[in-house]
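J.: generate coordinates for the sequence data below:
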Amino acid sequence: MRRSPEARPRRGLTLIEVLVALAIVAITLAAGLKASAALTSNTQRLADTLAAQWCADNLLTELRLTRQFPAVGDTDINCEQLGAGYRGVLVVRPTPNPNFRRVDARITDLQGQPILQLTTILPRQ
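T.: Numbers count the residues shown, from 1 in each chain. Got it, this is the predicted structure:
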């Protein structure tokens, strides 16, 4: 006995079911790519911040070691750390006590985007 085509049991998935499954997989993969791109960006930002902090620390330590009272004003600086170049400004301002100066080391990337500012107070020697 033969069955009629309408009496056969259904096997497999319909086209709509396959398309819905593909859409779910595509959305999941896109979210995964976006998350991995954010992690890569955050890692680069962390490396830039660390290198900029080394630049600022080096500048402020050099000022301390020279034991000279810095003059009030702004000084442009360039620094290279980890193979990357950084620009910065060393900003020296007076304080209410004339025996101290406030010194800000402001570090930016080569495009001028601010990365870090480190501040210290230097005494008259």
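
J.: thought residue 104 was touching residue 121?
T.: No. The pair residue 104 / residue 121 is not scored as a contact, 10.6 Å apart, by Cβ atoms under 8 Å. Bear in mind the C-beta positions are built from the backbone N, C-alpha and C, glycine included.

J.: what about those two, which has more around it?
T.: Under the neighbour definition other Cβ atoms under 10 Å, residue 104 and residue 121 were set side by side, and residue 104 has more, 17 against 10.

J.: contact partners for the more buried one?
T.: 89-91, 93, 117-119 (Cβ atoms under 8 Å, 6 or more residues apart in numbering).

J.: most neighbours among those residues, please name it.
T.: Neighbour max across the contacts of residue 104 (other Cβ under 10 Å) = residue 90, 20 neighbours.

J.: average pLDDT for the helix or strand containing that residue?
T.: Secondary structure assigned from DSSP states H and E places residue 90 in strand 84-94. Averaged across strand 84-94, pLDDT comes to 93.

J.: same question for stretch 101-113.
T.: Stretch 101-113 comes out at a mean pLDDT of 92.

J.: related to what we said a few turns ago, elements contacting the strand holding residue 90?
T.: helix 15-66, strand 73-81, strand 100-108 (3 or more Cβ pairs under 8 Å, 6 or more residues apart in numbering; DSSP states H and E).

J.: dump the last one to CSV, keeping only the CA atoms.
T.: Looking back up the chat, that one is strand 100-108. The C-alpha trace of strand 100-108 is given here as CSV (Å, rounded to 0.1, in the frame of the first residue of the first chain):
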residue,chain,number,x,y,z
PHE,A,100,55.9,76.4,46.6
ARG,A,101,54.8,76.0,43.0
ARG,A,102,52.1,73.9,41.6
VAL,A,103,53.3,71.9,38.6
ASP,A,104,50.8,70.1,36.2
ALA,A,105,52.1,67.7,33.6
ARG,A,106,49.4,67.4,30.9
ILE,A,107,50.0,64.6,28.4
THR,A,108,48.1,64.2,25.1
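
J.: I'd like the next helix or strand past that strand.
T.: Toward the C-terminal end, the helix or strand that comes next after strand 100-108 (DSSP H and E) is strand 114-123.

J.: returning to that earlier point: closest to residue 47 out of the contacts of residue 104?
T.: Nearest to residue 47 among these, counting by Cβ to Cβ, is residue 118 at 17.1 Å.
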